[in-house]
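*Asks:* build the 3D model from these lines:
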Amino acid sequence: ARELFLLAINFCVRKVNAGDTSYFSEMLALYKKGLEMATLLENGRLSRFTYHNVIATAIQVRDFDWAGNFAAQYRHFLAPSYQESSFLYNQARLAYEQSNYTQALGLIHQATFSDVLLNLAAKTISLKIYYALQEYDLLESHLDAMTNFIRRNKGLGYHRNNYLNLTRYTKKLLSLNRFDKVVVAAFRAEVSKEETLTERNWLLAQLP
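*Replies:* Down below sits the predicted model:
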């Protein structure tokens, strides 16, 4: 049964990646059923990747209450070394998605991230919050620190380019002359055609 669930979930993931976001609801329904039947647990444990994916899917369908309950209820099914950081990160993510920026930053500052990719995901939330709050000096220092962190951590592969692109384009965004339509159009085109950039939509949404 586990393999069937994973196949069905992967089918939804492929549909979503191809641009059909209606499959997020289907995917969340599958996750809920899989949790109810304990099919998503292996030897009584839930993988941290599944934990993050379930919450990310619930966020996409704006089911914040359910996501918050799931995060609290299932944190104890994670490997002990990931329980605290995974829980705090996802609480911060939920707070950010509901524009509770101060709360989100507080949760991130409480956490110790031993997982480099989770650390970078948390730094990305902080980056967006500083931008939303127009804390541009804080954002500048955050971008410098984040860039150094990425360069120090070798072996990130695809993620290295993705996060370096995010910091580079955010810096460009900060110095962009928003009144120059030609400059804005050039920036939009550059971001749109960048191959490795998971935060493309966020960057484009900041343009006038």
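*Asks:* give me the domain ranges for this protein.
*Replies:* 1-114, 117-208 (automatic domain parsing).
*Asks:* now L197: how far from A56?
*Replies:* For L197, the distance to A56 (C-beta to C-beta, to the nearest Å) stands at 18 Å. Yep, even glycine has a C-beta here, placed from its N, CA and C like the rest.
*Asks:* neighbours of W66, how many?
*Replies:* A count of nearby residues for W66, using other C-beta atoms under 10 Å, gives 14.
*Asks:* go ahead and confirm it touches A58.
*Replies:* Yes. In this structure, W66 is within contact of A58 by C-beta atoms under 8 Å, at 5.7 Å.
*Asks:* if we can go back for a sec, could you dump the domains of the chain into TSV with mean pLDDT added?
*Replies:* TSV is the format used below for the domains of the chain (pLDDT from 0 to 100):
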stretch	mean pLDDT
domain 1-114	94
domain 117-208	96
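*Asks:* can you tell me the element the residue nearest to the spatial centre of the chain falls in?
*Replies:* In the chain, the centroid-proximal residue (C-alpha atoms, centre = their mean) is A121; its distance is 5.5 Å. Counting by DSSP states H and E, the element that carries A121 is helix 116-132.
*Asks:* so which elements touch that helix?
*Replies:* Contacts defined by 3 or more C-beta pairs under 8 Å, 6 or more residues apart in numbering; DSSP states H and E place helix 116-132 against helix 80-97, helix 101-110, helix 136-152, helix 158-175.
*Asks:* redo that, cut-off 6 Å
*Replies:* Under the contact definition 3 or more C-beta pairs under 6 Å, 6 or more residues apart in numbering; DSSP states H and E, helix 116-132 sits against helix 80-97, helix 101-110, helix 136-152.
*Asks:* if anything else comes up later, I'll come back, but that's it for now.
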